[in-house]
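*Asks:* What would the 3D arrangement of this be:
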Amino acid sequence: QPIEVLFPQIEVGDIKYMVLPVSDRTTRAGCKLPSNEIISWLVPGSGGGFLGFAGVDPNLGEREASELERDVRGLGLRGLRPSPSNTVSMLSAFSYATGCELTKYNLALEKWVAEFPKLTFILAHFGWPWVWEAVTLAMKYPNVRLDPSNIYTGTLDKRLKYLLTETVPCRVMEKLLAERMLFGSNHPAHGAGEDSQGCRGAPPDPEVRSVMLFENAAALLGISRCLHLNLLGRVAP
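*Replies:* Predicted coordinates for the structure are as follows:
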């Protein structure tokens, strides 16, 4: 899709910032969606509204991992998104990624979370369908964050209701996980603008929702707290 398809979503949702990660599918499909270089080109032209995450295919091994420092620091990208996330070779990628954010999740993640305490891990889709495993990691480790993007249960308000009333008790979220929540839209599977609107009346408590939509993302990405962050949009598979 051309980048222009995001503009109506940004207007509808009153979105100030969007994180644009790369999906590196080199060993699976021979392509990147898009490349790290394209994302780095888009970010400066957004006037500060786009934040880029580099993509990495861990199956490429040391050759790919050795390029991460260039992509994250040299291209001005703010994080790293490995895909697929279930390979031992991810360990070498992590060693290059300290100081940025990592977005992915699988059941074997704990050993890496513990080994790289200065690296922030963002567990996409709340770790669904392993929600409680993801919640446990977030409660146990301060470098773990959760985002409730598309878990295949309908609109955002229905997803949050499912997560916070049917799966994880709302009291657990509000008392133990409020500072570990980030918001994600999973565009284009779910439009960022529609999700922004749907979030208004959904659980959790309005104060916790504000922390989820602004405070946590601002702290993680180094965004000035004097700016109003209505929604952190994120693209994920």
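
*Asks:* Low-confidence regions, this structure specifically.
*Replies:* 1-15, 46-47, 61-73, 84-108, 151-157, 185-204, 223-237 (pLDDT under 70).

*Asks:* How many residues are close by the residue nearest to Pro117 when sequence neighbours are not counted?
*Replies:* Leaving aside its sequence neighbours, Pro117 sits nearest to Asn143 (CB to CB, 6 or more residues apart in numbering; 5.5 Å). All C-beta atoms are positioned from the backbone trio N, CA, C, and that covers glycine. By the measure other CB atoms under 10 Å, the count of residues near Asn143 is 17.

*Asks:* mind pulling up the phi and psi values for Asn143?
*Replies:* For Asn143, the backbone dihedrals (degrees, to the nearest 10) come out as phi -100, psi 20.

*Asks:* and the lengthiest strand in the chain, what other elements does it pack with?
*Replies:* Longest among the strand segments of the chain by residue count, using DSSP state E, is strand 50-56. For strand 50-56, the packing partners by 3 or more CB pairs under 8 Å, 6 or more residues apart in numbering; DSSP states H and E come out as strand 17-21, strand 23-25, helix 36-45, strand 79-82.

*Asks:* That strand pairs with which strands, parallel or anti?
*Replies:* Note on strand 50-56: by DSSP bridges, its sheet partners are strand 17-21 (parallel), strand 79-82 (parallel).

*Asks:* re earlier: for the residue nearest to Pro117, what are its contacts?
*Replies:* By CB atoms under 8 Å, 6 or more residues apart in numbering, the contact set of Asn143 is 113, 116-121.

*Asks:* For ChimeraX, what selects the buried ones among the residues you listed?
*Replies:* Command for ChimeraX, covering only those of the contacts of Asn143 found buried under the criterion 16 or more other CB atoms under 10 Å:
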select :113,116,119,120,121
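
*Asks:* Of the contacts of Asn143, which belong to strands?
*Replies:* Counted as lying in strands by DSSP E, out of the contacts of Asn143, are 120-121.

*Asks:* Turn the contacts of Asn143 into a markdown table, columns for distance to Asn216.
*Replies:* Putting these into a markdown table (distance: CB to CB, whole Å) gives the following:
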| residue | distance to Asn216 |
| --- | --- |
| Val113 | 17 |
| Phe116 | 20 |
| Pro117 | 18 |
| Lys118 | 18 |
| Leu119 | 17 |
| Thr120 | 11 |
| Phe121 | 14 |
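
*Asks:* and which of the contacts of Asn143 is nearest to Leu80?
*Replies:* Nearest to Leu80 among the contacts of Asn143 is Leu119, at 8.8 Å by CB to CB.

*Asks:* For that closest one, what are phi and psi?
*Replies:* Main-chain torsions, Leu119, degrees, to the nearest 10: phi -100, psi 130.
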